[in-house]
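Trainee: got a predicted model here, sequence first, then my questions.
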Amino acid sequence: MCEDRRRRVKLINIRSRRAVILATGGFEFDEQMKLQFLKVYPTYFLGTPANTGDGIRMALGAGAHLWHMNCCSARLVMKFPDLAVALNPVFGGKGWSSPWRETELATETRGGTEGESHEAPSGVGYIIVDQSGKRYARETFKPHSFYYELTGFDSQNAFYPRVPSYWIFDQRRLDDGPLVRTGSGGAGPAGFYRWSEDNREELEQGWILKGNTVKELAERAGLDPASLAETVHRYNESCKQGRDVDFGRQRLTLVPLDTEPCYAVKLWPGGPNTQGGPQRNSRAQVVRPDGNPVPRLYSAGELGSIYGMLYPAGGGNLAECFAFGRIAGENAGQEDPL
Ligand SMILES: Cc1cc2nc3c(=O)[nH]c(=O)nc-3n(C[C@H](O)[C@H](O)[C@H](O)COP(=O)(O)OP(=O)(O)OC[C@H]3O[C@@H](n4cnc5c(N)ncnc54)[C@H](O)[C@@H]3O)c2cc1C
């Protein structure tokens, strides 16, 4: 037994007679692995900082093949240098009724397609812009694949123009409750940070930028003032017409930005978890590059999840954990004891 003081992890040798099941999560907090494998860097995550890809290194040492290393379930998150973990934004505020309720980007079925509903838009407005101050996608997008919108690289100028992006909103949103999800994650039960009810503390510490006008906000955020003002004007015109000619955002989500002052928060690629790790077969056995199992080695969960490029739906990660946890347990239990 020895102590790794840097990571405060106690190493213990345990003799296993039948098999080992690895379930050490992903590599959400290993900067080198994220840089090597994910499609865009930086990418920040919401869960435990203990997930540093240890199981991946162990499985590699045992001869495993890797899969899904460039995949993650991710979208846009808030990340502040003072905090170890990323936080989940609540874009629409309390009045935002969607199947995803208070959360994030997804309002796929809210209002259906353009012109379908006679209901008036409600709640608060917001847009997401890149570093040129322009919108680049329908913000009300599928929550776990918006990540791919952020991977576009400007090869002429050698940078990712959407990393970071900026969440732009007005006083109505600020007054509508915490900008962050508190039901789960770092500002929730995990307890990494207690976000103020009225967003005032985060405004004071500069996490939320404020401008009395859109142009002033742009200057504070380092965006081009004329470009951001034009973007907001164009978005507000779309709201008046009830039609987003640029990205086809659903009519019921077209709430204008018309209550100054206005605000911005930096957003980064990120989300709950990475998917990559040792490849497993249908018996949850970790396999070698030739497809044969590594003897007595099993895995479950997001350490080499079955999901690749597109995470199918909310709850998919946990379903995977339950299913492969059970399969791995049953099969490992049937190995002959050494
Ligand atoms: C805020 C948030 C919201 C989420 N919401 C949903 C949702 O709504 N639906 C859904 O399906 N999924 C959701 N997920 C994802 C889901 O929680 C994870 O995919 C799932 O918990 C992964 O389980 P796991 O057992 O594979 O890994 P984890 O739950 O991450 O567990 C891995 C464990 O291994 C430990 N560990 C790592 N290295 C070592 C080591 N060397 N030695 C000992 N222990 C080690 C870690 O400390 C950790 O406890 C969410 C995740 C977060 C963070």
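Mentor: Great, that's in hand. Keep in mind the model is a prediction, meaning the values are calculated, not measured.
Trainee: figure out the helix or strand that K266 lives in.
Mentor: Using DSSP states H and E, K266 sits in strand 262-274.
Trainee: gap between that strand and the chain center?
Mentor: In terms of CA atoms, centre = their mean, to the nearest Å, the centre of strand 262-274 is set 7 Å apart from its chain centre.
Trainee: now the element after that strand, going C-ward?
Mentor: strand 277-278.
Trainee: close to the ligand, is that following strand?
Mentor: No: Strand 277-278 is not in contact with the ligand by CB under 6 Å from any ligand atom; minimum separation 9.2 Å. C-beta coordinates here come from the backbone N, C-alpha and C atoms, glycine included.
Trainee: just checking: what are the partner strands of the strand holding K266?
Mentor: If you go by DSSP bridges, strand 262-274 pairs up with strand 44-45 (parallel), strand 72-77 (antiparallel), strand 165-170 (antiparallel), strand 209-211 (antiparallel).
Trainee: most tightly packed of the ones you listed?
Mentor: Of these, the one with the most neighbours on average (mean count of other CB atoms under 10 Å) is strand 72-77, at a mean of 28.
Trainee: for it, C-alpha coordinates in CSV please.
Mentor: C-alpha atoms of strand 72-77 as CSV (Å, rounded to 0.1, in the frame of the first residue of the first chain):
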residue,chain,number,x,y,z
CYS,A,72,-18.5,12.9,-25.6
SER,A,73,-22.0,13.8,-24.5
ALA,A,74,-21.6,17.6,-24.6
ARG,A,75,-23.0,21.0,-25.5
LEU,A,76,-22.2,24.5,-24.0
VAL,A,77,-21.3,24.9,-20.4
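Trainee: give me the mean pLDDT for the next helix or strand after it.
Mentor: Toward the C-terminus, strand 72-77 is succeeded by strand 126-129 as the next helix or strand (DSSP H and E). With pLDDT averaged residue by residue, strand 126-129 scores 96.
Trainee: need the residues that contact strand 126-129.
Mentor: Residues from elsewhere that reach strand 126-129 (CB atoms under 8 Å, 6 or more residues apart in numbering): 76, 91-92, 135-137, 139, 165-169, 173, 223, 228, 231-232, 235, 257, 267.
Trainee: from the ligand, how far off is T24?
Mentor: 4 Å (CB to the nearest ligand atom, to the nearest Å).
Trainee: would you check that that residue makes contact with R57?
Mentor: No: applying CB atoms under 8 Å as the test, T24 and R57 come out as separate, 9.7 Å apart.
Trainee: neighbour count: the two, which is higher?
Mentor: T24 (20 against 13; other CB atoms under 10 Å).
Trainee: which SS class is the closest residue to H65 other than its chain neighbours?
Mentor: Excluding its sequence neighbours, the residue lying closest to H65 (CB to CB, 6 or more residues apart in numbering) is P289, at 4.3 Å. Assigned state for P289: coil (three-state reduction, DSSP: H, G, I helix; E, B strand; the rest coil).
Trainee: touching, P289 and L66? I think so.
Mentor: No: between P289 and L66 there is no contact under CB under 8 Å: 9.1 Å.
Trainee: out of these two, which sits in the busier spot?
Mentor: L66 (15 against 10).
Trainee: who's the more buried one bridged to?
Mentor: Note on L66: beta-bridge partners P278, judged by DSSP bridges.
Trainee: please report the distance of it from the ligand.
Mentor: From L66 to the ligand the distance is 16 Å (CB to the nearest ligand atom).
Trainee: could you do N212 as well?
Mentor: 35 Å.
Trainee: and the stretch 101-250 of the chain, which of its residues are near the ligand?
Mentor: 184-185.
Trainee: list the contacts of A284.
Mentor: Taking CB under 8 Å, 6+ apart, one finds 21, 298-300, 324, 327-328, 331-332 in contact with A284.
Trainee: and what of E260?
Mentor: 170-171, 212-214.
Trainee: and M33, how many residues sit next to it?
Mentor: Quick note: M33 (other CB under 10 Å) scores 19 neighbours.
Trainee: please, which helix or strand holds it?
Mentor: helix 31-37.
Trainee: mind listing what's buried in that helix?
Mentor: By neighbour count on 16 or more other CB atoms under 10 Å, the buried set for helix 31-37 is 33-34, 37.
Trainee: the ligand: which of those is nearest?
Mentor: M33 (12.7 Å; CB to the nearest ligand atom).
Trainee: hmm, the closest one is touching G55, no?
Mentor: No: contact between M33 and G55 fails when scored by CB under 8 Å: they sit 11.6 Å apart.
Trainee: ok, the helix holding M33 near the ligand or not?
Mentor: No: legend: contact between helix 31-37 and the ligand by CB under 6 Å from any ligand atom is lacking; minimum distance shown is 12.7 Å.
Trainee: hmm, back to that, of the contacts of A284, which is the most crowded?
Mentor: Busiest of the contacts of A284 [other CB under 10 Å] is S299, holding 29 neighbours.
Trainee: I'd say that residue and G276 touch.
Mentor: No: counting by CB under 8 Å, S299 does not reach G276; the two are 11.8 Å apart.
Trainee: hmm, who's touching stretch 219-234?
Mentor: 127, 129, 131-135, 166, 168, 209-211, 214-218, 246, 257, 262, 264, 266.
Trainee: appreciated, that's everything.
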